[in-house]
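Colleague: after the sequence you'll find the predicted model.
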Amino acid sequence: MPTSSFDTFFACTIILAAALIATGFVTSTMQTRINNTQNINQQSYLQAIADHIVTSPGTPSNWGTSSSIPTEFGLAASQSTIPYSIDIDKITRLNNLNSYSLSYFELEGAANLNNLGVGVAICQVMDIDLEQSSSSASGNLLNLTFSVSTSIDSEPVEASLNCYVVANNYLSNITGSTSNAGSTYITVQTPAAATDNALVIVFARTSFDDRVTSYAVYNLADSTQESVSNSDALNLSPLNYELSLVMNSSGLTVQNGYVFSYAYQQNLTYTLGATQCAIPNIIDKSPLVIIICGFDNGTYFQQWVSYPQVPFKSGSDFSGSQQDVFTYTVTIGGVLYDLKVSLGGVTS
């Protein structure tokens, strides 16, 4: 009986399939699909954990406002109706410079991730870069000119500026703005005799969204822009709109203090000898910069801290292990920040 073309095609197909199996092609393809499925499932699993950390307030829901250790880790502000709203004090308690900070073991235990490493990092959406370009004397005052650059994700952005100078009970402020190229020059004044402890604080706010507001601090004594204060006369820990002051010297006396935001400046109400003082709850979409002034064995000092204490990184450094990073744009006190949750070190 003559063979049909269909029978010939079918026979060839069987032979080809057998050859592919013999060479391992089908097995290899199937294994790749299995591996890809496992990777997708693991990524979804880690994404769900990161989402929970960002959107859950944890237990208790107000664990950020005290020194208690949460039984469940979550960063969301309790009772907030704004998506991705993060609690200012929960973030503050992750900064290891704060006296109330969680240790990594407390953080990992509260996150209930026995087989995972966890890390949290947060930074301002807009970067401000300050560089002193010139100075000149004018009587007892010193004129200092700075170049100011503002950018988001390394791209220049136009922003309005509000700049403060704090130097041995001397206060002044000026306003300005960066161009479409994200740059400008500002000139500030400070007493010539007080430059050893003078600080320049620059706040910047974009025109397209007032929630994008950032700060930068420049120390004239060291001619450097600081991410944290270089003074160690005190341990300053803001929490629940109270500032804790721990003296590191027996000869230290706190004199007064100030709090700054983008649009406002206010004196702190400080009682001589107190270890705490209230932080004014300024209604402004802005981080706060708090400055404490005093004398350390007769030498005047100024020390600053931000509230929330951003930027920072907390948790595992994932040294030598795999990590997956999940990025969120969140709000803290009406201000936008970039938050990253890192998870890794999955055990098989």
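Modeller: Great, that's in hand.
Colleague: separation between residue 339 and residue 217?
Modeller: 22 Å (CB to CB, to the nearest Å). All C-beta spots, glycine's among them, are computed from the backbone N, C-alpha and C.
Colleague: can you list the strands that the host helix or strand of residue 225 pairs with?
Modeller: If you go by DSSP states H and E, residue 225 is part of strand 224-226. Looking at strand 224-226 with DSSP bridges, its partner strands are strand 213-219 (antiparallel).
Colleague: now the partner strand, how far from the centre of its chain.
Modeller: Its chain's C-alpha centre and that of strand 213-219 lie 13 Å apart, by CA atoms, centre = their mean, to the nearest Å.
Colleague: could you shift the numbering so residue one becomes 112, and keep it that way?
Modeller: Let's use 112 as the start, then, which means that last one is strand 324-330.
Colleague: which residues sit against it?
Modeller: Residues outside strand 324-330 that contact it (CB atoms under 8 Å, 6 or more residues apart in numbering): 235-241, 243, 257, 261, 310-317, 335-337, 340-341, 373, 396-398, 400, 415, 417, 446.
Colleague: now do the contacts for residue 387.
Modeller: Counting by CB under 8 Å, 6+ apart, residue 387 has contacts 353, 354, 355, 356.
Colleague: what's the neighbour count on the last one?
Modeller: Applying other CB atoms under 10 Å, we find 21 other residues in the vicinity of residue 356.
Colleague: give me the beta-bridge partners of it?
Modeller: On the basis of DSSP bridges, residue 356 is bridged to residue 347.
Colleague: from memory it sits against residue 383, does it?
Modeller: No. Counting by CB atoms under 8 Å, residue 356 stays clear of residue 383, with 11.7 Å between them.
Colleague: and for these two, which residues touch both?
Modeller: Joint contacts of residue 356 and residue 383 (CB under 8 Å, 6+ apart) are residue 365.
Colleague: that older thread, pull out the buried members of the contacts of strand 324-330.
Modeller: 235-239, 241, 257, 261, 310-317, 336, 340, 373, 396-398, 400, 415, 417, 446 (16 or more other CB atoms under 10 Å).
Colleague: which non-adjacent residue is nearest residue 166?
Modeller: Nearest non-adjacent residue to residue 166, counting by CB to CB, 6 or more residues apart in numbering: residue 187, 5.4 Å away.
Colleague: excluding chain neighbours, what is closest to residue 421?
Modeller: residue 233 (5.3 Å).
Colleague: SS state for that neighbour?
Modeller: Following DSSP: H, G, I helix; E, B strand; the rest coil, we place residue 233 in the strand state.
Colleague: from residue 420, how far out is it?
Modeller: Distance, residue 233 to residue 420, using CB to CB: 9 Å.
Colleague: repeat that for residue 365.
Modeller: In terms of CB to CB, residue 365 sits 20 Å off from residue 420.
Colleague: before we move on, what about residue 222?
Modeller: Going from residue 222 to residue 420 by CB to CB gives 20 Å.
Colleague: OK, contacts around the residue nearest to residue 222 when sequence neighbours are not counted?
Modeller: Nearest non-adjacent residue to residue 222, counting by CB to CB, 6+ apart: residue 184, 4.1 Å away. Applying CB under 8 Å, 6+ apart to residue 184 gives the contacts 164, 169, 218, 221, 222, 223.
Colleague: shared neighbours of residue 233 and residue 420, anything?
Modeller: residue 202.
Colleague: now the helices: where do they sit in the protein?
Modeller: In the chain, the segments counted as helices under DSSP state H are 116-134, 136-166, 199-203, 215-222.
Colleague: related to what we said a few turns ago, surely the residue nearest to residue 421 touches residue 451?
Modeller: Yes. Residue 233 is within contact range of residue 451, at 7.4 Å (criterion: CB under 8 Å).
Colleague: pick out whichever of the two has more residues nearby.
Modeller: Per other CB under 10 Å, whichever of residue 233 and residue 451 has more neighbours is residue 233, with 24 against 15.
Colleague: residues in contact with that one?
Modeller: By CB under 8 Å, 6+ apart, the residues touching residue 233 are 202, 421, 422, 423, 441, 448, 449, 450, 451.
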